[in-house]
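# heads up, no residue letters with this:
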């Protein structure tokens, strides 16, 4: 058996999403063999992130600065605000480089089942941001799930008294999606939202 | 974009075997969200391993102690020595719990192509261990590759003057292997090493 320290490292890595016990062991072996080129950079990066990790007081993103890198970016369009459920959604949209505005992370979605109510999400903070003015459009980018859509409807109601345009992501066929393999819900959305051929 | 620190962490994780850029990103997000339960234990484990990491002066295993946990284990049969190419092979055999003896890691295999000669491997150290006496059997557990087998033959020659039994792992059908799908090399080995039905 390996030493308790190596076992602990293997177990800490195995708990990461996408890694299991087997791949964690391979990763540990790699770290042990490449101490200077793999272990040291990983350790330094983890230390730095752990030291500086903070939740952005403006949008709720996690980053090493507060306000976060996105909120501090002057090239971002502050008049355009995209509301997402989770930090992972923010990252996914940011990665696509398709959205030039700023973000707001709710920290979840309304859920009767899990007992998550409006006051459990960062909704008051969102309302405050909107109330301050300077925002023209709010894109509700919730997941296309029942709970995501419930949350979007709730937000739309809460926001309707403010002079902002409220939009949501289009629903329909995913790119490359074949009708034959799509669920009926998606088909229904795609049909309902059909557009004239350009 | 995320901050440079988070990018650095993502890249350090993405270089681990079994992780790519996408799963590294998911792993980082997991670490950021679960600071106390995921980030902190991983950081502590990495720090400890990095601090204590050493190559075992006896067998060549990597561990946090020298001699390594296996070499210090009094329940191990010191009269039985298993020679492997890499630390990963040692771990694989140790994991199986089928081998009660000690190990010796060569640190590679002889390879004309890669210019790896006997003096590049931990062979003199192996000979010294054997020369000291106290070993009854040496199991040559090289990979079933051309280079692994060349290495095994070379070692067998170097060791033949010592009063030890030299064995090697059996070659043949892997458990669950279907004849129809096996390569000819394996079939030839299985046929050559055929045994009377018990």
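Cool, the structure landed. Because the structure is predicted, anything quoted here is derived from the model rather than measured.

# just the strands in chain A please.
Here chain A has its strands, by DSSP state E, at A:54-55, A:62-63, A:77-84, A:101-105, A:137-140, A:165-168.

# how much space is there between residue A:92 and residue B:184?
Going from residue A:92 to residue B:184 by C-beta to C-beta, to the nearest Å gives 48 Å. C-beta here means a position set from N, CA and C on the backbone, and glycine is covered the same way.

# So for those two, which residue has more residues nearby?
Using other C-beta atoms under 10 Å in any protein chain shown as the criterion, residue A:92 and residue B:184 rank with residue A:92 on top: 13 against 7.

# show me where chain A has helices.
Assigned by DSSP state H, the helices in chain A fall at A:4-14, A:21-33, A:40-52, A:69-72, A:87-96, A:123-131, A:146-159, A:184-192.

# Present those as JSON lines; the columns should include distance to residue B:192.
Converted to JSON lines, the helices of chain A look like this (distance: least, C-beta to C-beta, whole Å):
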{"stretch": "helix A:4-14", "distance to residue B:192": "39"}
{"stretch": "helix A:21-33", "distance to residue B:192": "32"}
{"stretch": "helix A:40-52", "distance to residue B:192": "46"}
{"stretch": "helix A:69-72", "distance to residue B:192": "64"}
{"stretch": "helix A:87-96", "distance to residue B:192": "55"}
{"stretch": "helix A:123-131", "distance to residue B:192": "73"}
{"stretch": "helix A:146-159", "distance to residue B:192": "63"}
{"stretch": "helix A:184-192", "distance to residue B:192": "58"}
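
# about what we covered before: so which of the strands of chain A is nearest chain B?
Relative to chain B, the nearest member of the strands of chain A by C-beta to the nearest C-beta is strand A:62-63, separated by 4.4 Å.

# Next, the contact list for residue A:13, please.
Neighbouring residues of residue A:13 by C-beta atoms under 8 Å, 6 or more residues apart in numbering or on different chains: A:19, A:24, A:27, A:28, B:42.

# Tell me who's in contact with the first one.
Residues near residue A:19 by C-beta under 8 Å, 6+ apart: A:13, A:27, B:18, B:19, B:23, B:27.

# can you count the residues close to the nearest residue to the first one once chain neighbours are set aside?
Spelled out, it's residue A:13. Leaving out its chain neighbours, the residue that sits closest to residue A:13 by C-beta to C-beta, 6 or more residues apart in numbering or on different chains is residue A:24, at 4.0 Å. For residue A:24, the neighbour count with other C-beta under 10 Å is 20.

# State the distance from residue A:24 to residue A:131.
Per C-beta to C-beta, residue A:24 is found 47 Å from residue A:131.

# same question, residue A:106
Using C-beta to C-beta, one obtains 17 Å as the distance from residue A:106 to residue A:131.

# Settle it for me: which of these two has more neighbours?
Counted by other C-beta under 10 Å, residue A:106 and residue A:131 do not tie: residue A:106 has more neighbours, with 24 against 11.

# Hmm, that one is touching residue A:122, no?
Yes. In this structure residue A:106 lies within contact range of residue A:122 using C-beta atoms under 8 Å: 5.4 Å.

# Need the overlap of contacts for these two.
residue A:60.

# tell me which residues of stretch A:141-157 are tucked away?
Using 16 or more other C-beta atoms under 10 Å in any protein chain shown as the test for burial, stretch A:141-157 gives A:141, A:142, A:143, A:147, A:148, A:149, A:151, A:152, A:154, A:155.

# whoops, I mixed them up, stretch A:122-129
For stretch A:122-129, by 16+ other C-beta under 10 Å, it's A:122, A:123, A:125, A:126, A:129.

# JSON lines for those, including distance to residue B:32?
Putting those into JSON lines (distance: C-beta to C-beta, whole Å) gives the following:
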{"residue": "A:122", "distance to residue B:32": "16"}
{"residue": "A:123", "distance to residue B:32": "22"}
{"residue": "A:125", "distance to residue B:32": "19"}
{"residue": "A:126", "distance to residue B:32": "21"}
{"residue": "A:129", "distance to residue B:32": "22"}
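
# Greatest separation within the residues you listed: which pair is it?
Using C-beta to C-beta, the two most remote members of the buried residues of stretch A:122-129 are A:123 and A:129, lying 10.6 Å apart.

# What are the contacting residues of stretch A:163-177?
For stretch A:163-177, the external contacting residues (C-beta under 8 Å, 6+ apart) are A:130, A:135-142, A:144, A:152, A:155-156, A:159-160, A:179, A:182, A:186, A:189-190, A:193.
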